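K.L.:
For reference, the sequence and a predicted model appear below.
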Amino acid sequence: MTDFAPGTPCWLDLGTTDVAAATTFYGDLLGWTAEDLGPEANGYRLLRKDGRQVAGLGPATDPARGTSWAVHFATADLDESVALVRKHGGTVALEPMAVMDKGRLAVAQDPAGAYFSLWQAGTHPGAELVRAPGALHWVELFSTDRDGVTDFYRAVLGATTRDVALPGGLVYRLFDVGDEAVAGSLQITPEMGDMSSAWSVFFHVEDVDAVADAVVARGGRQIMRGDVPAGRMAMLLDPQDGFFSVMTPDPSFEM
């Protein structure tokens, strides 16, 4: 990938309470190599798959959130996007800032409390590999008030939405940019336990079962594993309790 339409997830990074351990864990798990960007980057590292940038990793900066993955959405005008966040009931956790010559970043929360980032590209458009083994496959919002935040994301991301019925009576909401489905969302139900609103990330892997077993063997935890309409997936926690999922997509599945 060299370009991302506004409203599209373009980058991921992990804020972790143990940078060295997380670098080793995800490197072993997904075949990533890490590039330390030096003192001026405050411990931030670029993660690569087969030489191509797929994500970033650095120290956690919010004790309340601990270790967590952040989803960055592309925007052509960061200041306008931040204004839309405020106009539609969200909050800005980090005001727009320059990241060297790479681009400009802001961090926001939707009205139900889910954190996400906004990225206006400079020399760094985003990930160089997506929807391939070892790279980002999908992002998904779990929300305590999905209906309440839908209009927020339509405005801020410039996305349209449509609903898809899932087995068990669940309704899955897709966010589309142009003709492409770029994200999904689920309402948090009592059966899901005590969850807070959050964006989650899925990595494409070739063997979900082998990867999930490896997570547990390396000190992480499995939340669930099974088949879904889009393929086979597992929801997991890394050893620092960072939540992520892996999926082997069914190539015949269409959104």
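P.N.:
Cool, got the structure.

K.L.:
Pretty sure residue 74 sits against residue 121.
P.N.:
Yes - counting by Cβ atoms under 8 Å, residue 74 does reach residue 121; the two are 6.9 Å apart. All C-beta atoms are positioned from the backbone trio N, CA, C, and that covers glycine.

K.L.:
Can you get me a residue count around residue 17?
P.N.:
Around residue 17 there are 15 other residues, counting by other Cβ atoms under 10 Å.

K.L.:
where along the stretch 101-250 of the chain do the strands fall?
P.N.:
103-109, 115-121, 136-143, 160-165, 171-177, 180-187, 198-204, 221-228, 231-237, 243-249 (DSSP state E, counting those that start in this stretch).

K.L.:
In TSV, list those strands along with distance to residue 67.
P.N.:
Shown next, in TSV, are these (distance: least, Cβ to Cβ, whole Å):
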stretch	distance to residue 67
strand 103-109	16
strand 115-121	13
strand 136-143	17
strand 160-165	30
strand 171-177	26
strand 180-187	22
strand 198-204	12
strand 221-228	13
strand 231-237	9
strand 243-249	9
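
K.L.:
tell me which element residue 79 falls in.
P.N.:
Per DSSP states H and E: residue 79 is located in helix 78-87.

K.L.:
Give me the contacts around that helix.
P.N.:
Helix 78-87 is contacted by residues 75, 91-92, 95-96, 104-106, 108, 118-120, 155-156 when judged by Cβ atoms under 8 Å, 6 or more residues apart in numbering.

K.L.:
cutoff 7 Å now
P.N.:
75, 92, 96, 104, 106, 108, 118, 120, 155-156 (Cβ atoms under 7 Å, 6 or more residues apart in numbering).
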